[in-house]
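Enquirer: After the sequence you'll find the predicted model.
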Amino acid sequence: MRKIFSLIILIILALGVYICISEIPFGKPGTAVGNYYIEKGIEETGAVNIVTSIVLNYRGFDTLGEVTILFLASLGLGAILATVQNKTRGVITPPSLILTTACRFLFPFILMFGAYIFLHGHLTPGGGFQGGAIIASGFLLRYLGCPQKRIRQSSFVAIESLGGIAFIIIGLLGFTAGGFFLFNFLPKGVANTLLSAGIIPLIYIAIGLKVGAEMAGIIDTLIEES
Amino acid sequence: MDFLNNYIFYIGAFGLIFIGLYILLTRKNLIKLIIGLSIVDTGVNLLIICMGYLKNGTAPIFSRKGLNPETMVDPTPQALVLTSIVIGVAVLAMALSLAIRLYQHYGTLDMRKIKEQKW
Amino acid sequence: MEKFRNFIYLFILLMLVWLALTSSLEPQKLAAGVIISLGVSLFTSAGYLGLGLPSPGIRKIAYSILYLIVLLIEIIKANFDVAYRVLHPKMPIKPGIVVIKTKLKQDIAKVILANSITLTPGTFTLDIQGDNLLIHWIYVKGEGWEERAQIICGKFERILRIIFE
Amino acid sequence: MVNPILLIIAPLSAAFIIPLMGYGLKRIVKFIPPLVMGFNLVVSLSLAPKVIKNPIIVFLGGFPPPFGINLYVGPLGILFSCVISLVGFIVSIYALNYIKQGAEQKYHALYLLLLTGATGIVLTGDIFNLFVFYEILCISSYALVGYTGEKAGIESASKYLIQGSLGSSLILIAIALLYGKFGTLNMADMASRIDSVHTMELFFPLVLFITGMGVESAIFPLNAWLPDAHSSAPSTISAILSGIAIKIGIYALCRVIFTIFGATDILQFLMLLGLVTLLVGEFSAFSQDNIKRMLAYSSTGQIGLIVFAMGVGTQYGISGGLFQFTTHALSKSLLFLTTGYMIYRAGSMKISALEGMGKKMPLTSVAFTIGAFSLIGLPPFIGFPSKFMIVYSVLARQSGLYIVFLALVLAGTVIEGAYFFKVIQAIYFKGERKDDRAKEAPLSALIPVIILVLLIIGIGIYPKVLTSILDSSAAELLDRIGYIKEALK
């Protein structure tokens, strides 16, 4: 009964979708806003990766909100899972030699690759969030390979907070220098070099470290629970 | 054929959204509900990306000289999708933590059996 | 002293990987690479050489390249072998788990050996226990662990022993 | 001149700093939220006179709309941000001694983030930015409902999360469809182009918006989560959720319907929706014996009343709706805050357990009574002028249908009176308490209660203080062309 009912609802919805979407041709030429970004992006922000210039300059405020949401998730996770009574952990079967050795060998390289991704956010596909996720995956591998070695939660928390504060401070510096919050006040540099695009690499370093610490913290909390 | 050619990505996106909605409407296990939410999320992300698609388009990155700005896809939806993926991750993490605690309290994840409060 | 050796070793490895990633010698990128490699190796270099990594040498590098070539050839050969077994109407397989001993001492060498065995189709390393490798094999051949080891990983082991001596 | 961006940045950076203070400065963490909210209140109040004359547009990153994100700080936004920071300030003073269980520091950080999200929603001029702040608001509410880790809280938080995030997904679909149509995300730019498209195609995104935002604002068929979530959370959180969070959903809904779509055709539908929500909420509240659930259902009823007033669609009606919003924010937080310590002293949420509290906790009981009277709409409290405005605006439409609607609304009010009198009767006239445990609430809880009581009586006697801001807010909602011109100037 429930299934039939939900199917009927979905069919009605699909009809609405069809009416709405039939007027949005697929693969149409770009919108006015999008074309503006492509044409003026390099000139105005100095980043050759237009997506990055949108994420951190044109719509940088969204990204501040996004960073806040991740922060919120790690805070909420910690709050909900904080007051657990039975901290007894089950017996851990030690992982095989292959996993242990490989994870010890690869861990530094994963960290460096994450750093590479977030440093080059304005030049190549990637950026702070992706780089941070890679760093966190390194920590996940470490937890799988060497479960007895734990990193202290408090250091994660400190990096998280400092990353967020650094973002806001860069924004406020832009406010004092140019009169707009998150204004790109540093020199734009020569396009396609590492030291270009003003505040973008700085913000991405802050975001990369922050996201890495946050995700690793989330993984750490969840592992502690299960 | 022309219809498929024009709408195949939309069909995919809304197909995912509807599958997720169907799961949300009919299932009662919390983990399945969370999976449903994730599927809806994926569908929405795909839909946003579709909005900026250009046939034979290239990525909006001027990594070398001589790239034609005319053929670049709309970069705005890509920026939006980055945000929405992160939001999805945050919601997923919250949902899983709640599921862990719920299981510790009730010993089950079946929402039909968890009825201390009125639904 | 031991700490410093660990640090330098990891630093050089990371710098090499960084150069491969950026594939440019621009001073800015190079400087960034140095800073990142320094930072990462400061934090993670403790006990890195304890994995049994070899000390560098021209002969070893040459053998490492040779190892990659041999591995590639073995993978291609094994691919054809497995494809033959799959496509053959009677499917001539005789699966089983065999245990072989390895003479390699270092952890990292054992892991490389195990991963090479897994990479070649038809054989699959399940676990390493001490000197014993547990291997699932699609067509068990030979008798006794010595002969089997020769068939599965004889070439690999010989080269690895030279590299890791 | 103070930049309105500070209203968002101040609580946000405070929330980022709080976890760092875990090392050695734990004692003073709880003083941060009152401080920041007090600052926000001062900033909002100082901006108000300027904004009524001319809205302030803030470009973020220095890019003009529609290319960058802008804040549109008009009278409506400032009215909401004043109420948010006022209620936030008062509730955070109350929380100084009230919050003792669970992860305290995280509670304060989450609380600040919730208010950041709410402030961001009312100030932004960009639809996707609105969505981001909306998510901040929602996720922090889920976390706050479940943060004690107790059975009831976790259960209602997970139900809330499932429904809430489905709602946000629907909003995101609508945003994607609108972007596909107009190629812009700025609300003013979108509004200026919306007339070029056939109504039939706009219907679906509008439905998605109403459904998605209806979940957060608990409009009738989507309000299943509300009584659980509001009743199982600690009282400070119930106060902030009832006082602020659900109303922000209404704000977003009004922004979308009035400013972006200019959909005056569906206002009657909105009225009907409000009416149904009102009646369902009041009837369910009447049959409760748990006081917090009763208050939660009463919130649903009040939301219905606000939506109803918005649906009237005249300048006077919308002013009345916004006035009712202020009334409810103040009165309902007062009710939750007073019941907080009553429940704490009585050890139970049953209404029957509160019998005889009038003698043991005289100040708190009087404050509860004032809050209840104000919600019912008795003079000289703030609820009287707001309800009067709504009634007057409906009568001014001079149509038979509207009169019938009004009769039903008044019937709802009578039911509201009935269940509140039931509680007041229990507190004052029934039973004798013998145990000595029940004593007056501590000073840190009484101060915010007294501030609220003074505000309720003060505005009730002299409602003219709000008239100018209410009128210009209503004008902002109704005057689409003016909004577009100001924002894209």
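Expert: Received, thanks.
Enquirer: Tell me how many other residues surround residue 79.
Expert: Going with chain A. As a burial measure, A:A79 scores 24 neighbours (other CB atoms under 10 Å in any protein chain shown). Quick note: C-beta positions are derived from backbone N, CA and C, even for glycine.
Enquirer: Wait, chain D was what I had in mind.
Expert: Counted with other CB under 10 Å, the neighbours of D:L79 add up to 27.
Enquirer: What sits closest to B:F62 if chain neighbours are left out?
Expert: Residue nearest to B:F62 in three dimensions, not counting chain neighbours: A:V48, with 4.3 Å by CB to CB, 6 or more residues apart in numbering or on different chains.
Enquirer: D:Q398 and D:F323: what is the separation?
Expert: Between D:Q398 and D:F323 the distance is 22 Å, computed by CB to CB, to the nearest Å.
Enquirer: close enough to count as contact, B:I87 and D:F133?
Expert: No. Using CB atoms under 8 Å, B:I87 makes no contact with D:F133, being 11.3 Å away.
Enquirer: Do a quick rundown of the strands in chain C.
Expert: Applying DSSP state E to chain C gives strands spanning C:96-101, C:123-129, C:132-137.
Enquirer: Apologies, that question was intended for the stretch 1-150 of chain D.
Expert: With DSSP state E, counting those that start in this stretch as the criterion, the stretch 1-150 of chain D has strands at D:56-59, D:70-73.
Enquirer: Just the buried positions in the first one, please.
Expert: Residues of strand D:56-59 classed as buried by neighbour count (16 or more other CB atoms under 10 Å in any protein chain shown): D:56-59.
Enquirer: for those residues, which one is nearest chain B?
Expert: Nearest to chain B among the buried residues of strand D:56-59 is D:F59, at 17.5 Å by CB to the nearest CB.
Enquirer: For the closest one, give me its contacts.
Expert: A:180, D:65, D:68, D:70 (CB atoms under 8 Å, 6 or more residues apart in numbering or on different chains).
Enquirer: Tell me which two in the residues you listed are the farthest apart.
Expert: A:F180 and D:P65 (12.9 Å; CB to CB).
Enquirer: of these two, who's got more company?
Expert: D:P65 (23 against 20).
Enquirer: you'd agree that one is up against D:M190?
Expert: No. The criterion here is CB under 8 Å, and D:P65 misses it with D:M190 at 10.4 Å.
Enquirer: how deep is the closest residue to chain D within chain C tucked in, by neighbour count?
Expert: The minimum distance from chain C to chain D, using CB to the nearest CB, falls at C:F43 (20.9 Å). By other CB under 10 Å, the residues close to C:F43 number 11.
Enquirer: Could you do A:S154 as well?
Expert: 12.
Enquirer: Show me what the helix or strand hosting it is packed against.
Expert: Remark: A:S154 resides in helix A:153-178, with elements defined by DSSP states H and E. Using 3 or more CB pairs under 8 Å, 6 or more residues apart in numbering or on different chains; DSSP states H and E as the contact test, the elements touching helix A:153-178 are helix A:60-82, helix A:200-225, helix D:6-17.
Enquirer: wait, which of these is closest to chain B?
Expert: The nearest among the helices and strands packed on helix A:153-178, by CB to the nearest CB, is helix A:60-82 at 3.6 Å.
Enquirer: any idea which helix or strand comes after the helix or strand of chain D with the lowest mean pLDDT?
Expert: Sorted by mean pLDDT, DSSP states H and E, the helices and strands of chain D end with helix D:357-360, the least confident at a mean of 78. The helix or strand immediately downstream of helix D:357-360 is helix D:362-376, counting by DSSP H and E.
Enquirer: How about D:I291: what's its closest non-neighbour residue?
Expert: D:I351 (5.2 Å).
Enquirer: wait, what's in contact with the one you found?
Expert: D:289-291, D:294, D:422-423, D:426.
Enquirer: Over to D:I424?
Expert: The contact partners of D:I424, by CB under 8 Å, 6+ apart, come to D:368-369, D:372.
Enquirer: Apply 10 Å and report the result again.
Expert: Contact analysis of D:I424 by CB atoms under 10 Å, 6 or more residues apart in numbering or on different chains lists D:358, D:365, D:368-369, D:372-373.
Enquirer: Test for you: state the pLDDT assigned to it.
Expert: Looking at D:I424, its pLDDT stands at 88.
Enquirer: the domain parsing of chain C - what is it?
Expert: With domains defined by automatic domain parsing, chain C comprises C:2-50, C:58-164.
Enquirer: what touches both of D:P65 and D:M190?
Expert: With CB under 10 Å, 6+ apart, D:P65 and D:M190 have common neighbours D:126, D:184.
Enquirer: Give the buried residues for the least confident helix or strand of chain D.
Expert: Going by neighbour count (16+ other CB under 10 Å), the buried part of helix D:357-360 is D:357-358, D:360.
Enquirer: Kindly report the same for stretch B:77-89.
Expert: B:77-89.
Enquirer: Please identify which of the buried residues of strand D:56-59 is nearest to D:T148.
Expert: When the buried residues of strand D:56-59 are compared for distance to D:T148 (CB to CB), D:V58 comes out closest, at 37.9 Å.
Enquirer: how much space between the residue of chain A most remote from its centre and D:I162?
Expert: Within chain A, the residue lying farthest from the chain centre (CA atoms, centre = their mean) is A:M1, at 42.4 Å. A:M1 sits 21 Å away from D:I162, going by CB to CB.
Enquirer: what would the strands of chain C look like in CSV with mean neighbour count and distance to chain D?
Expert: Converted to CSV, the strands of chain C look like this (neighbours: other CB atoms under 10 Å in any protein chain shown; distance: least, CB to the nearest CB, whole Å):
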stretch, mean neighbour count, distance to chain D
strand C:96-101, 15, 45
strand C:123-129, 17, 40
strand C:132-137, 19, 42
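Enquirer: Any idea which of those strands gets closest to chain B?
Expert: The nearest among the strands of chain C, by CB to the nearest CB, is strand C:123-129 at 30.2 Å.
Enquirer: What pairs with that closest one, parallel or antiparallel?
Expert: Strand pairing for strand C:123-129, determined by DSSP bridges: strand C:132-137 (antiparallel).
Enquirer: CA atoms only for the strand it pairs with, dumped as CSV, please.
Expert: Extracted C-alpha coordinates of strand C:132-137, given in CSV (Å, rounded to 0.1, in the frame of the first residue of the first chain):
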residue,chain,number,x,y,z
ASN,C,132,55.9,-17.6,5.0
LEU,C,133,53.7,-16.2,2.2
LEU,C,134,50.2,-17.6,1.9
ILE,C,135,49.3,-17.6,-1.8
HIS,C,136,46.1,-18.4,-3.6
TRP,C,137,46.9,-20.0,-6.9
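Enquirer: and the helix ranked longest in chain B, anywhere near chain D?
Expert: Across chain B, the longest stretch assigned as helix under DSSP state H is helix B:75-106. Yes. Using CB under 10 Å from any CB of the partner chain, helix B:75-106 comes into contact with chain D via B:76-77, B:79-81, B:83-84, B:86-88, B:90-95, B:97-106.
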